[in-house]
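Chemist: sequence unknown, structure follows:
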């Protein structure tokens, strides 16, 4: 045991210094994983469609998430969610992002790690499990997000007991119950001052939100009415995606849908490599300022 791995307050208390090691609710290996090993159903159906049929399939999947994002923006009452800081995505059965509709490109990368965490640690756990009609919530930044106000809900999509895909809905919710109200916490100097930190929590079963969990979450923020409404709006949007995807599954079969979602990832990866290969060799630099914060109070020891 390396003593430098801990912050020692006194002889009795030690705090871990490295927040990005594996912990309850987060696994850094999943965050940096490029693409997971295909599931059996993905392998079975990955080459089912011709190139032309795949293009049509891609258009249908994009239409599904675009429609759902309109539903989500219409049902939400959070300011930034209504104004476009939101996303709706489709994932492979293994938790890889296949199709997304988003106005903020960060949202393309903010939620896949948690779906993979649920699959790895909760699917075969008898106390949790993953079943049709389940709803999961997550916003913990060290689980793969950016900041606590970005909140996501995910729902598995099954066909006759076979996991075909995942629907995920996200947005900048705003209020998190942090030390500063409103969704941004410029005076927070530790992540524990940023309010809710929830990772892959099952908040609903059988297409119903659990009232005790909703009450806990709403009682932890300053605007419970907004959060409660948007939890229901997120679930409704996931259900719209599920409804549309299941129509395609009924037409083509679960293996074709799951495998074609996987193939879209391989296809886009190939196109991205071709685009990068067309760029001139060299070193490219850019400067990005996310925020500039001035703390008038003296800084305190940081417990990450």
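Modeler: Thanks, I have it. Computed from a predicted structure; not experimentally measured.
Chemist: use CA for all of it now, contacts and neighbours both
Modeler: OK.
Chemist: Which helix runs longest in this protein?
Modeler: Looking across the chain with DSSP state H, the single longest helix is helix 224-252.
Chemist: can you give me the mean pLDDT across it?
Modeler: Here helix 224-252 scores 96 as its mean pLDDT.
Chemist: list the buried ones in it?
Modeler: Of the residues in helix 224-252, 224, 226-227, 230-242, 244-246, 248-249 count as buried by neighbour count, 16 or more other Cα atoms under 10 Å.
Chemist: by contact count, what packs against that helix?
Modeler: When contacts are defined as 3 or more Cα pairs under 8 Å, 6 or more residues apart in numbering; DSSP states H and E, helix 224-252 packs onto helix 51-75, strand 150-159, strand 162-172, helix 211-218, helix 254-277.
Chemist: what's the angle from it to helix 211-218?
Modeler: 130 degrees (axes from the mean of the first three to the mean of the last three Cα atoms, to 10 degrees).
Chemist: now the angle from helix 224-252 to helix 51-75?
Modeler: Angle between the axes of helix 224-252 and helix 51-75 is 160 degrees (criterion: the same axes, to 10 degrees).
Chemist: what's near enough to touch residue 225?
Modeler: residue 218 (Cα atoms under 8 Å, 6 or more residues apart in numbering).
Chemist: what about 10 Å?
Modeler: Applying Cα atoms under 10 Å, 6 or more residues apart in numbering, we find residue 225 in contact with 77, 218, 219.
Chemist: how far away is it from residue 235?
Modeler: Between residue 225 and residue 235 the computed distance is 16 Å (Cα to Cα, to the nearest Å).
Chemist: ditto for residue 112
Modeler: For residue 112, the distance to residue 235 - Cα to Cα - is 18 Å.
Chemist: surely residue 131 meets residue 160?
Modeler: No. Checked against Cα atoms under 10 Å, the pair residue 131 and residue 160 is beyond contact range at 11.1 Å.
Chemist: These two - which one has more neighbours?
Modeler: residue 131 (17 against 8; other Cα atoms under 10 Å).
Chemist: So for the more buried one, what's the pLDDT?
Modeler: The predicted local confidence for residue 131 is 97.
Chemist: Quick check, pLDDT for the residue positioned nearest the centre of the chain.
Modeler: Nearest to the mean C-alpha position of the chain, by Cα atoms, centre = their mean, lies residue 111 at 1.9 Å. On pLDDT, residue 111 comes in at 70.
Chemist: Same check on the one 3 residues further on?
Modeler: Confidence at residue 114, expressed as pLDDT, is 90.
Chemist: Burial check on it, number of neighbours?
Modeler: So residue 114, with other Cα under 10 Å, has 29 neighbours.
Chemist: Kindly report the same for residue 90.
Modeler: Other residues near residue 90 come to 31 when the count uses other Cα under 10 Å.
Chemist: so it, which of the three states?
Modeler: Of the three states, residue 90 takes strand under DSSP: H, G, I helix; E, B strand; the rest coil.
Chemist: One more: residue 279?
Modeler: Here residue 279 is recorded as coil under three-state DSSP.
Chemist: thinking again about what came up before, for the longest helix of the chain, the distance to its chain's centre please.
Modeler: 15 Å (Cα atoms, centre = their mean, to the nearest Å).
Chemist: Show the contacting residues for the closest residue to residue 102 other than its chain neighbours.
Modeler: Nearest non-adjacent residue to residue 102, counting by Cα to Cα, 6 or more residues apart in numbering: residue 87, 4.3 Å away. Shown in contact with residue 87 (Cα under 10 Å, 6+ apart): 65-66, 68-70, 72-73, 81, 100-108, 152, 168-172.
Chemist: repeat that for 6 Å
Modeler: 101, 102, 169, 170 (Cα atoms under 6 Å, 6 or more residues apart in numbering).
Chemist: Wait, a strand at it?
Modeler: Yes. Using three-state DSSP, the assignment for residue 87 is a strand.
Chemist: so how far is residue 121 from it?
Modeler: Going from residue 87 to residue 121 by Cα to Cα gives 25 Å.
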